[in-house]
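J.: Pasting the sequence and the predicted model now:
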Amino acid sequence: MDVAFNQNEDINKLQLADLKKRLLHTYKGGGVERIKKHHLAGKLTARERIDYLLDSKSQSIEIGALAGNNMYAEQGGCPSAGVVVKIGYIKGKQCIVVANDATVKAGAWFPITGKKNLRAQEIAIENRLPIIYLVDSAGVFLPMQDEIFPDKENFGRIFRNNAVMSSMGITQIAAVMGSCVAGGAYLPIMSDESIIVEKTGSIFLAGSYLVKAAIGETIDNETLGGALSQTEVSGVIDYKAKDDKEALDKIKTIVDKIGGFDKANFSRIKSKLPSVKESDILGILPSNRNQPYDMRDIIKRLVDGSEIEEYKKNYGKTLICGYARIDGWAVGIVANQRKVVKNAKGEMQFGGVIYSDSADKAARFIANCNQKKVPLVFLQDVTGFMVGSKSEHGGIIKDGAKMVSAVSNSVVPKFTVIIGNSYGAGNYAMCGKAYDPRLIVAWPSAQLAVMGGSQAAKVLLQIEVASLKKQGKTITKEKETELLNKIESKYKEQSSPYYAAARLWTDAVINPLDTRQWISMGIEAANNAPIEKKFNLGVFQV
């Protein structure tokens, strides 16, 4: 091993330690004292409920674990957006579970909470996954009601999705394990089957205080909408459970009876581990985001047997396209090559930049994957499309549009892993969040922004200096440096993978060594949903 490898490995291990520290803090939810209170009330926490519900020793992945982190500081924070979402297995059947974390503001809904719930439903709809709701929420966080209540992608969209999923035949099961009030009361009732826990669960459109204020009736919450009232009097809820575990056991028995459905039938054979050491990724991936490396060395550590069948290997060399398998599943890989390469004319091409020939190759390869029904995996480390007169005259916009069109109209499931840079239109062409990847994750080494930090800071500095000069202010060299440092610091924070994960621009920040698991479970989920559309590129300039 060389010195650079060891240095890279040390830096990447430190980044993984930082990721672990952030996650451990997030897993505490509202904090140790609130968890104690929760237990004293006879309740399991959201994470304990999910752990009990999922099959023992089975694999699972968590969606949006870092959502909401370092947001809403004035309101006391909202770790993990106040809701835990996992894809896992119940009685051997892959499901998605959504559990309110009542240790965070009594499970109240912040704007990011709504966004995360909608993401969970989107995953269920795209993949035809059964979805389980473990409800324990005080409802909308009233001080921010204007940001969660009225818009298309706000709170009400959840109930619209309940209805849509029901019409699609997607199983929805809800357990009322705490408070379930106001508009939120519709979620369990719009599910296929519902359960309520005695003494701790309650469900009503308006609680006792609001009932008293609205119509003058005096009544307690248990009589108004407790387990007895809603199972034996109103018939609103289907099953009653004595405690959390009995409610979760009931969910297991219901899921166990769900029948099979038509599948997409993606190709899968027996899985093989990579033939080279996977953990070497940490030494190969440079700590300096501008430093080149060979993306093939990363790919070999992600795919079965370290085998990839490259498409047009010697054409469009700044993109690697090829067929491989991950955990037995056939995949088409589109990856940015970070090495400096030569084209057929002997001209040097910058790694991480998409040139016309690369975009042309990728568009054709994506079409082939759709023709063969092969899921696509995008490995992003891209600084953007090539600029300059030569590229413009060569039709870079046309070829870039061709690639974007192929990504946009692709009907096979797409999965995106942001390894390093994810800048500008390169993010779009390589299947960024706006292009509907079934799952999108980032490594701790990732950076997401409209352009690189140093370039952006210099552009922003020019704008800031020009503005100050217009105001008649004198800008010294020291002041200019101070401004530059301030801009760079802010830009660095906003391009961090954790900033993106907090806002659900990605589904997770993951350990690179977990990438195979995420892609495999993602394709397994996608395999539940038959492909109903035909691939059509539409109209573009060829």
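T.: Sure thing, it's come through.

J.: which residues of the stretch 1-150 of the chain score low on pLDDT?
T.: Within the stretch 1-150 of the chain, the set of residues satisfying pLDDT under 70 comprises 1.

J.: now do the chain
T.: Across the chain (using pLDDT under 70), the flagged ranges come out as 1, 183, 452-456, 540-542.

J.: The same query, at a cut-off of 50, please.
T.: Segments of the chain classed as low confidence (criterion: pLDDT under 50) are not present in this model.

J.: Could you tell me which helix of this structure is the longest one?
T.: Counting residues, the longest helix in the chain under DSSP state H turns out to be helix 3-27.

J.: next helix or strand past it?
T.: helix 32-40 (DSSP states H and E).

J.: Can you give the contact residues for that following helix?
T.: The set of residues that contact helix 32-40 without belonging to it, under C-beta atoms under 8 Å, 6 or more residues apart in numbering, is 28-29, 44-45, 102-104. Where C-beta positions appear, they are placed from N, C-alpha and C, glycine not excepted.

J.: all helices for the stretch 251-400 of the chain, in order.
T.: Listed in chain order, the helices of the stretch 251-400 of the chain (DSSP state H, counting those that start in this stretch) span residues 281-284, 295-299, 356-372, 389-393, 396-409.

J.: which one of those helices lies closest to residue 321?
T.: Comparison of these against residue 321 by C-beta to C-beta identifies helix 356-372 as nearest, at 4.0 Å.

J.: packing partners for the closest one?
T.: Based on contacts counted as 3 or more C-beta pairs under 8 Å, 6 or more residues apart in numbering; DSSP states H and E, the elements that helix 356-372 packs against are strand 319-326, strand 329-336, helix 396-409.

J.: mind listing what's buried in it?
T.: 356-367, 369-370 (16 or more other C-beta atoms under 10 Å).

J.: One more: stretch 219-233?
T.: 221, 224-227, 229-231.

J.: Also stretch 169-186?
T.: Judged by neighbour count (16+ other C-beta under 10 Å), stretch 169-186 contains these buried residues: 170-182, 184-186.

J.: Tell me which entries of the residues you listed lie within strands.
T.: 172-181 (DSSP state E).

J.: can you tell me which of these lies nearest to residue 406?
T.: Nearest to residue 406, judged by C-beta to C-beta, of these is residue 172 at 34.2 Å.

J.: Make sure that closest one is actually in contact with residue 133.
T.: Yes: taking contact to mean C-beta atoms under 8 Å, the distance of 7.1 Å between residue 172 and residue 133 places them in contact.

J.: Overlap of the contact sets of these two?
T.: Listed as contacting both residue 172 and residue 133 by C-beta under 8 Å, 6+ apart are residue 191.

J.: can you redo the ones in strands among the buried residues of stretch 169-186 as JSON lines with distance to residue 165?
T.: Supplementary listing: these in JSON lines, determined by distance: C-beta to C-beta, whole Å:
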{"residue": "172", "distance to residue 165": "6"}
{"residue": "173", "distance to residue 165": "12"}
{"residue": "174", "distance to residue 165": "12"}
{"residue": "175", "distance to residue 165": "17"}
{"residue": "176", "distance to residue 165": "19"}
{"residue": "177", "distance to residue 165": "21"}
{"residue": "178", "distance to residue 165": "23"}
{"residue": "179", "distance to residue 165": "24"}
{"residue": "180", "distance to residue 165": "19"}
{"residue": "181", "distance to residue 165": "22"}
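
J.: Need the residue in this structure that's farthest from the chain's center.
T.: The C-alpha centroid of the chain is most remote from residue 472, which lies 46.8 Å away (C-alpha atoms, centre = their mean).

J.: From residue 40, how far off is that one?
T.: Taken as C-beta to C-beta, to the nearest Å, the spacing of residue 472 relative to residue 40 amounts to 64 Å.

J.: would you list every one of the strands in the stretch 151-300 of the chain?
T.: Taking DSSP state E, counting those that start in this stretch to define them, one finds strands in the stretch 151-300 of the chain at 172-181, 193-197, 202-204, 239-241.

J.: what's the last one packed up against?
T.: In this structure, strand 239-241 packs against strand 193-197, helix 244-255, with contacts taken as 3+ C-beta pairs under 8 Å, 6+ apart.

J.: can you list contacts of stretch 408-417?
T.: Surrounding stretch 408-417, the residues in contact under the criterion C-beta under 8 Å, 6+ apart are 126, 264, 332, 366, 369-370, 373-380, 407, 430-432, 435-443, 515, 518-519, 522-523, 526, 531, 533-538.

J.: Just the buried residues of those.
T.: By 16+ other C-beta under 10 Å, the contacts of stretch 408-417 give 126, 264, 332, 366, 369-370, 374-380, 407, 430-432, 435-443, 515, 518-519, 522-523, 526, 535, 537 as buried.

J.: which residues sit in contact with residue 399?
T.: 356-357, 359-360, 363.

J.: Let me have the residues you listed in a markdown table, extended by distance to residue 254.
T.: As requested, these are exported to a markdown table (distance: C-beta to C-beta, whole Å):
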| residue | distance to residue 254 |
| --- | --- |
| 356 | 54 |
| 357 | 54 |
| 359 | 48 |
| 360 | 51 |
| 363 | 45 |
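
J.: right, and out of those residues, which lies closest to residue 393?
T.: Taking C-beta to C-beta as the measure, residue 393 lies nearest residue 356 of those, at 10.3 Å.

J.: Double-check the closest one against residue 396; I have them as touching.
T.: Yes: under the criterion of C-beta under 8 Å, residue 356 lies in contact with residue 396, with a separation of 5.1 Å.

J.: if we can go back for a sec, quick one: residues contacting the residue farthest from the centre of the chain.
T.: Contact analysis of residue 472 by C-beta under 8 Å, 6+ apart lists nothing.

J.: Now for residue 208, how many residues are close by?
T.: 18 (other C-beta atoms under 10 Å).

J.: how far away is it from residue 322?
T.: Here residue 208 is placed at a distance of 63 Å from residue 322 (C-beta to C-beta).

J.: now, among the buried residues of stretch 219-233, which is nearest to residue 84?
T.: residue 227 (23.5 Å).

J.: I figured that closest one was touching residue 236, is that so?
T.: No: taking C-beta under 8 Å as the definition, residue 227 is not a contact partner of residue 236, at 10.6 Å.

J.: Quick one: closest of the strands of the stretch 151-300 of the chain to residue 484.
T.: Counting by C-beta to C-beta, residue 484 lies closest to strand 172-181 out of the strands of the stretch 151-300 of the chain; the figure is 50.1 Å.

J.: The closest one to helix 244-255, inter-axis angle?
T.: Angle of strand 172-181 versus helix 244-255, following axes from the mean of the first three to the mean of the last three C-alpha atoms, to 10 degrees, is 150 degrees.

J.: Parallel or antiparallel, which strands does strand 172-181 pair with?
T.: strand 131-137 (parallel), strand 193-197 (parallel), strand 202-204 (parallel) (DSSP bridges).

J.: To residue 351, which of those strands lies closest?
T.: Nearest of those to residue 351, taken as C-beta to C-beta: strand 131-137 at 41.5 Å.

J.: what's the angle between that closest one and helix 32-40?
T.: Using the same axes, to 10 degrees, the inter-axis angle of strand 131-137 relative to helix 32-40 is 100 degrees.

J.: quick thing: my sequence starts at 22, can you match it?
T.: Understood, numbering begins at 22; the last thing we discussed is strand 152-158.

J.: how much space between residue 415 and residue 42?
T.: Distance, residue 415 to residue 42, by C-beta to C-beta: 47 Å.

J.: Could you give the number of residues near residue 56?
T.: Residues lying near residue 56 (other C-beta under 10 Å) number 18.

J.: From residue 50, how far out is it?
T.: Between residue 56 and residue 50 the distance is 7 Å, computed by C-beta to C-beta.

J.: Need the residues touching each of these two.
T.: Contact criterion C-beta under 8 Å, 6+ apart; residues bridging residue 56 and residue 50 by contacting each: 66, 124.
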